[in-house]
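Have a look; sequence and predicted model below, questions after that.
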Amino acid sequence: MTNQNRQSGKSASGKRNSKKRYVTYRRAPKKNSLQPQKAKESVRIAFLGGMNEIGKNMTLYEYGDDMFIVDCGLAFPDSDLPGVDLVIPDFTYVENNAGRIKGIIITHGHEDHIGGLAYLLKKVSIPIYATKLTIGLIRGKLEEHNLLNSAKLVEIKPRDNITLGNFNIEMIHVNHSIPDAVGLAIRCPAGTIIQTGDFKIDTTPVDGDMIDLPRFSEYGKRGVLALLSDSTNAERPGYTMSEKSVGESFELLFRKAKNKRIVVATFASNIHRVQQIIDVAQSRGRKVAVIGRSLENLVNVGSELGYLNIPSGILIDINLIRNYPDEKLVIITTGSQGEPMSALTKMAFGEHKKVYITPNDYVIISATPIPGNEKMVGNVVNELMKHGVEVIYERMYEVHVSGHACQEELKLMMGLVKPKFFIPVHGEQKHLQRHASLGMAMGIANENIYIGNIGDRIELSSDGIKQLESVPAGEIYVDGIGVGDVGNIVLNDRKRLSRDGIIIVVATIDSETGNVISGPDIVSRGFVYVKENEALMNSARDLACRVIDESYDSRYHDWNSVKTRLRDEISRMMYEKTKRSPMVLPILMEI
């Protein structure tokens, strides 16, 4: 939809003064209707990710011939994407405009904001601007992809200003569940745009550095054209609790654990959470072991750059945990979302090679399940409890707080920034709609609020928001080392194989006579148990013989028609006998 502002003239009137006043009215000169009016300055925004979804955040700004990008994240696949490892944005529009893009600014170091960078840099070379910790995490990712030496990484800090063509961007410190997160004040001739990034308002942050609300307020006083704000928690009323409350819960739970070994599962990126676990472990005289590659990387980078304060001697290698009694150990692990390959899941199902769960373990899952992961987390909790383990999870204690702003914080941000236009971002449709309603409650006119979608490209000026032609955008699937080679056809085959199984018909045919020399053999996987269904397999074999004899023409060698009829006849027979529709794959060899 296109949002337009209507402007109307206003007349002023006042009380009469007792003294006479002589006012000279000057007639305004007539405007020449043929004289062209000066167009309002406008900036264009393309949403390449992070709209109507959680994750994969990527936004592109354009003014004149200059462009720059904010964030380049990934999303993790759900059950509808079997075999897919990662989901990244479609970079087609970026590739087509590579010569105009002056840089990419990263707001913070979470995967949904930096995870797509390595795949982007394999296609185009763009300078990356980010804060110290974020640069440290990006370095590790680029090193894995052998891109570090060719990448240009520029370290920035809050209140820094960088100029990218016609854009001048200031970094503004915000609170989040990872240090060094920033929002952006984007200035260009069309006006100022505030993009918050992921944020919350924490008055007692673990690192002692509160969100820079005065700077947001200063921009609000000067005039802000548009606000793009994080919508993740737009459905939650009130305020997000401070991260320090989790540390207080850890103190209580560590005391309750008494002589048990403590296992804490948390998000690998939550460096504040890791710091609090280490602090409480030290106060209780326990050693700490870390499991999970991403978590180990965070600890290494965080301690190296000074974002983690790790007392000497408290960290031990996971291979040495058997040298310490249970009451002297804390294990920090990944797997708080019940991921099938995570360390906690392997422990729960007895598949971990180094950590064996016993009734003397005390497990704390320091996270809330992401929507869609509830069942996986529940399975892990159930398996742990089968071992006689006491498990603290979800809201039993305050062992997790969000890194995103709730409704009152979102409204406070709008109140400080006072934007003319409001664009909720970073969320599913329900989050964007709820955030839009908060904007209207704060006095922003409905026609000045824009809810977009991935691929939308808009033009923004003081006159309004105009929707332009959409740009190429969507999802690119990463499967192993393959990027983009798995599409809907492959996914549909995978889903069908997982649902119905497969039957393979193999036969060798004499090229001169058309006689079947070998086979046909019927191979079944995921359809029926062959040993208990020999009659069905024999019927399929007989049918295959008959179809080949009737269809094969040694003069024309029309393989496709033979395969097509084999596929159709075997499928029809299997459905008649079993009411199932397995995939049928004929393999015919001619000698």
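Received the coordinates, thanks.

And the residue lying closest to Met376 once chain neighbours are set aside, its phi and psi?
Leaving aside its sequence neighbours, Met376 sits nearest to Gly338 (CB to CB, 6 or more residues apart in numbering; 3.1 Å). Bear in mind the C-beta positions are built from the backbone N, C-alpha and C, glycine included. Backbone torsions of Gly338, given as degrees, to the nearest 10, read phi 70, psi 20.

Retrieve the pLDDT associated with Gly338.
On the pLDDT scale, Gly338 is placed at 82.

Please spell out the segments of the stretch 251-400 of the chain that come in under the pLDDT threshold.
Scanning the stretch 251-400 of the chain for pLDDT under 70 picks out the ranges 371-372, 396.

Strands along that one, start to end?
All strands of the stretch 251-400 of the chain, identified by DSSP state E, counting those that start in this stretch, fall at 261-266, 287-291, 329-333, 361-366, 390-392.

before we move on, what about the stretch 451-591 of the chain?
For the stretch 451-591 of the chain, applying DSSP E, counting those that start in this stretch gives strands covering 457-461, 464-467, 475-479, 482-483, 502-509, 516-525, 583-590.

Number of residues surrounding Asn379?
Residues lying near Asn379 (other CB atoms under 10 Å) number 15.

buried residues in the helix ranked longest in the chain?
Secondary structure of the chain per DSSP state H: the longest helix is helix 559-578. For helix 559-578, a neighbour-count test (16 or more other CB atoms under 10 Å) marks 562-563, 565-567, 569-571, 573-574 as buried.

and the strands of the stretch 451-591 of the chain as JSON lines, adding mean neighbour count and distance to Ala281?
As requested, these are exported to JSON lines (neighbours: other CB atoms under 10 Å; distance: least, CB to CB, whole Å):
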{"stretch": "strand 457-461", "mean neighbour count": "21", "distance to Ala281": "50"}
{"stretch": "strand 464-467", "mean neighbour count": "18", "distance to Ala281": "51"}
{"stretch": "strand 475-479", "mean neighbour count": "19", "distance to Ala281": "36"}
{"stretch": "strand 482-483", "mean neighbour count": "14", "distance to Ala281": "40"}
{"stretch": "strand 502-509", "mean neighbour count": "20", "distance to Ala281": "51"}
{"stretch": "strand 516-525", "mean neighbour count": "16", "distance to Ala281": "49"}
{"stretch": "strand 583-590", "mean neighbour count": "17", "distance to Ala281": "53"}
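
With mean pLDDT and distance to Asp66 as new columns, can the ones you listed be given to me in CSV?
Below are the strands of the stretch 451-591 of the chain laid out as CSV (pLDDT from 0 to 100; distance: least, CB to CB, whole Å):
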stretch, mean pLDDT, distance to Asp66
strand 457-461, 95, 15
strand 464-467, 94, 19
strand 475-479, 84, 26
strand 482-483, 78, 28
strand 502-509, 86, 53
strand 516-525, 81, 55
strand 583-590, 84, 51
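
Indicate which one of those strands is closest to Leu253.
strand 475-479 (37.7 Å; CB to CB).

who's in contact with that closest one?
Strand 475-479 is contacted by residues 56, 74-75, 77, 81, 83-91, 119, 483-487, 491 when judged by CB atoms under 8 Å, 6 or more residues apart in numbering.
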